[in-house]
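**Student:** Just need the structure, nothing else, for what follows:
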Amino acid sequence: MAMRIEDYGLIGNMLSAALVAKDGSIDWLCLPRFDSPACFAALLGTADNGRWKIAPVDKVVKTRRRYLPDTAILETQFETATGVVTLIDFMPINEGDRHVDLIRIITGVSGTVEMEMELVLRFENGQAVPWVRRKDYGLSAIAGPNAVELHTALELKGRNMKTFARFTVKAGDRVPMTMSYHPSNEQPHFVRDRSEELDRATTWWREWVKHGSFEDMPDAWRAPVVRSLITLKMLIYAPTGGIVAAPTTSLPEKIGGPRNWDYRYCWLRDSALTLYALLNSG
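**Tutor:** This next block holds a predicted model:
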């Protein structure tokens, strides 16, 4: 069952966006664009409709979340009885609009933590089970026109149409993973070093924030204002400049109600308000 909407963090690259739950599960992602069918749709159904979860095996006693300052890079920290690990999630800013990457990096902070990864790819809004093949870099999954490559050094195991991995993270360890999308009639694209991609994404967002005009506002306002502006920026579809109202679809207007909407399009009211906020902030 999906978590409360306030328990999700948003990551994106102005082509698409993903919702990351505080338990380490990505429950919503449409590839390669905002308005594409979802490949992770647990937000609207169950884990069987697609998700990518990375979390400690043992009980988590405390969870802390934050965005790296002035970026769209999400950091989740899990504390267990045996140690502490952080999970960094982000989507690199790519030049093209057909190849989309999602990067997850697990880092050991203290002690030792046993982790588990569960990858459930379900294209066509949670309905299509892909054909999965093992590769020397991880795995390849294809469903009709869509293809995904998972790049990881972990030992992967398939079970019940899902992919699992168990691994131990000690203080100082770093375990990176990249899920890269490409049309199935094209060759997979080159996957860059994950640490370099993290540095590139951090620099890109912080350079963008520097364009803002925050001199006349109280210091206490800057962080929440910048966070809001980054969120609005993530909702812009870069190839056209169109602004989606939200990254989701088919969530009810009222809990338990029959009316729902597809917010992944350019609603004029929402776009006008977003432009007003961005222009006023420089």
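
**Student:** only C-alpha atoms for contact and neighbour calcs from this point on.
**Tutor:** Noted.

**Student:** wait, isn't E116 in contact with D58?
**Tutor:** No. Counting by Cα atoms under 8 Å, E116 sits too far from D58 to count as a contact (9.6 Å).

**Student:** any residues touching the helix or strand of the chain with the lowest mean pLDDT, and which ones?
**Tutor:** Least confident helix or strand, the chain: strand 249-252 with a mean of 85, by mean pLDDT, DSSP states H and E. Strand 249-252 is contacted from outside by 44, 258-264, using Cα atoms under 8 Å, 6 or more residues apart in numbering.

**Student:** Please convert the buried members of the residues you listed into PyMOL selection syntax.
**Tutor:** The following PyMOL command selects only the buried members of these, with burial defined by 16 or more other Cα atoms under 10 Å:
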select buried, resi 44+263+264
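
**Student:** Taking the chain centroid, which residue in the protein is the extreme one?
**Tutor:** Relative to the centre of the chain, the most outlying C-alpha is that of D216, 33.3 Å out, by Cα atoms, centre = their mean.

**Student:** Tell me where the stretch 51-200 of the chain has strands.
**Tutor:** Secondary structure of the stretch 51-200 of the chain by DSSP state E, counting those that start in this stretch: the strands cover 51-56, 62-67, 74-79, 83-90, 100-120, 131-135, 138-143, 146-151, 157-159, 162-170, 174-183.

**Student:** before we move on, back to that, could you identify the most distant pair in the contacts of strand 249-252?
**Tutor:** The span of the contacts of strand 249-252, defined through Cα to Cα, is set by P258 and R264 at 18.9 Å.

**Student:** any low-confidence regions in this protein?
**Tutor:** 1 (pLDDT under 70).

**Student:** re earlier: could you redo the strands of the stretch 51-200 of the chain as CSV and give each row distance to A272?
**Tutor:** CSV is the format used below for the strands of the stretch 51-200 of the chain (distance: least, Cα to Cα, whole Å):
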stretch, distance to A272
strand 51-56, 33
strand 62-67, 26
strand 74-79, 27
strand 83-90, 27
strand 100-120, 27
strand 131-135, 42
strand 138-143, 37
strand 146-151, 33
strand 157-159, 47
strand 162-170, 42
strand 174-183, 31
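
**Student:** Figure out which of the ones you listed is closest to A223.
**Tutor:** Once these are compared by Cα to Cα, strand 62-67 is nearest, at 10.7 Å.

**Student:** for that closest one, which positions count as buried?
**Tutor:** Y67.

**Student:** And the least confident helix or strand of the chain, how far out from the chain middle?
**Tutor:** A distance of 19 Å separates the centroid of the chain from that of strand 249-252, by Cα atoms, centre = their mean, to the nearest Å.

**Student:** That strand pairs with which strands, parallel or anti?
**Tutor:** For strand 249-252, sheet partners with direction are given as strand 260-262 (antiparallel), following DSSP bridges.

**Student:** contacting residues around the partner strand?
**Tutor:** Contacts of strand 260-262 (Cα under 8 Å, 6+ apart): 248-253.

**Student:** Drop anything exposed from those.
**Tutor:** Of the contacts of strand 260-262, these count as buried by 16+ other Cα under 10 Å: 248-249, 251.
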